[in-house]
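Engineer: Quick one, structure for this:
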Amino acid sequence: MGKLALAAKITHVPSMYLSELPGKNHGCRESAIQGHKEISRRCRELGVDTIIVFDTHWLVNSAYHINCCDHFEGIYTSNELPHFIKDITFNYDGNPELGHLIADFAVKKGVRAQAHEIPSLKLEYGTLVPMRYMNQDKHFKVVSISAFCTSHDFENSRKLGEAVLEAIEAYDGTVAVLASGSLSHYFIPDERAAEGMNSYTREFEHQVDLHVVEMWKQGNFKDFCAMLPEYAEFCRGEGNMHDTVMLLGMLGWDKYNKGVEILTDLFPSSGTGQINAVFPLN
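Structural biologist: So this is what the prediction gives:
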């Protein structure tokens with residue numbers, strides 16, 4: 001019987017890559033990078049063999065999709081932000097067995113899910129950025145699940161999260177799951193881009209994000225799940241926050257009541273709200 005060892009909501013802001021480079025932004029995302037490295041350390045300590053990522057940068061218009069090739073390798077430049085992320089090399093092993101298990105359990109729940117082993121289906125940066133800081137040595141296998149879902153309802157995303165847990169329990173191994181996406185996501189208007197690297201677009205999103213983080217710390221997911229559809233809409237959650245719906249579906253939805261552990265405090269990035277937070281399992 002498999003084990004879910006760690007669950008977290010994480011940032012994948014491309015400015016983490018800029019933070020590595022010499023220049024005015026050097027070190028600007030060090031706390032976010034250290035949060036990723038701490039998650040990696042804990043996963044190794046817990047014996048994790050595979051990391052599943054709910055990726056809000058993988059946009060899909062129909063069905064839920066699971067990228068579970070046996071190997072991922074290439075050079076990545078973001079077509080969205082090529083001035084932030086360019087020519088990043090990646091080389092990771094995948095886990096086809098686990099990917100197909102997830103699809104099978106999802107389909108049994110009536111969810112239109114498909115697992116793919118297509119070499120030309122590349123990873124998106126919602127997966128590649130965290131793997132850069134967690135998995136440079138290929139210690140973990142990687143499975144990426146589409147979480148920028150444009151025509152999907154929350155009920156099916158919640159069921160997909162349930163299917164992920166069932167698949168993990170049927171798998172002979174130890175797994176971590178990361179919801180990779182922002183809190184609020186009102187991206188900074190272009191004319192304010194230079195000044196907005198480290199600020200919110202509007203104070204409204206900032207205040208709602210602060211409130212949400214306090215709810216998470218208190219384990220108040222009953223109320224959070226009730227407000228999540230409006231939160232995702234009014235604060236323009238990344239990928240409509242389907243990653244968060246999947247994560248909470250996996251953890252028990254509004255019955256989950258554990259206070260989260262903040263590894264990287266809430267911070268703004270190009271108008272959006274970002275965090276690294278571990279969701280306790282015991």
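Engineer: from what I can see Gly35 touches Phe267, true?
Structural biologist: No: taking contacts as C-beta atoms under 8 Å, Gly35 lies outside contact range of Phe267: 10.2 Å. In short, each C-beta sits where N, CA and C put it, glycine included.
Engineer: neighbour count winner among the two?
Structural biologist: More crowded of Gly35 and Phe267, by other C-beta atoms under 10 Å: Gly35, with 26 against 19.
Engineer: Contact partners for the more buried one?
Structural biologist: By C-beta atoms under 8 Å, 6 or more residues apart in numbering, the residues touching Gly35 are Ile10, Thr11, Leu263, Thr264, Asn276.
Engineer: ok, so of the residues you listed, who is nearest Leu228?
Structural biologist: Of all the contacts of Gly35, Leu228 sits closest to Ile10, with 17.8 Å by C-beta to C-beta.
Engineer: Against His116, how distant is the closest one?
Structural biologist: Distance, Ile10 to His116, using C-beta to C-beta, to the nearest Å: 23 Å.
Engineer: the more surrounded of the two?
Structural biologist: Set Ile10 next to His116 and count neighbours by other C-beta under 10 Å: Ile10 wins out with 28 against 16.
Engineer: from what I can see the more buried one touches Glu38, true?
Structural biologist: No: counting by C-beta under 8 Å, Ile10 stays clear of Glu38, with 10.8 Å between them.
Engineer: hang on, the earlier thing: now for the contacts of Gly35, which pair is the farthest apart?
Structural biologist: The most widely separated members of those, counting by C-beta to C-beta, are Thr11 and Leu263 (10.2 Å).
Engineer: what do those two both touch?
Structural biologist: Joint contacts of Thr11 and Leu263 (C-beta under 8 Å, 6+ apart) are Gly35, Asn276.
Engineer: So between the two, which is more surrounded?
Structural biologist: The residue with more neighbours, out of Thr11 and Leu263, is Thr11; 30 against 20, by other C-beta under 10 Å.
Engineer: That one touches Gly273, doesn't it?
Structural biologist: No: look at Thr11 against Gly273 with C-beta under 8 Å: they stay out of range, at 9.3 Å.
Engineer: shared neighbours of those two, anything?
Structural biologist: Overlap of the contact sets of Thr11 and Gly273 (by C-beta under 8 Å, 6+ apart) consists of Ser182.
Engineer: By residue count, tell me the biggest strand in this structure.
Structural biologist: Ranked by residue count under DSSP state E, the longest strand found in the chain is strand 50-60.
Engineer: Check which helices and strands that strand sits against.
Structural biologist: Applying 3 or more C-beta pairs under 8 Å, 6 or more residues apart in numbering; DSSP states H and E, one finds that strand 50-60 makes contact with helix 96-108, helix 125-134, strand 141-149, strand 174-180, helix 242-251.
Engineer: Save the ones you listed as CSV, and put in distance to Gly47 and mean neighbour count too.
Structural biologist: Formatted as CSV, those follow (distance: least, C-beta to C-beta, whole Å; neighbours: other C-beta atoms under 10 Å):
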stretch, distance to Gly47, mean neighbour count
helix 96-108, 15, 21
helix 125-134, 15, 26
strand 141-149, 13, 28
strand 174-180, 5, 26
helix 242-251, 19, 27
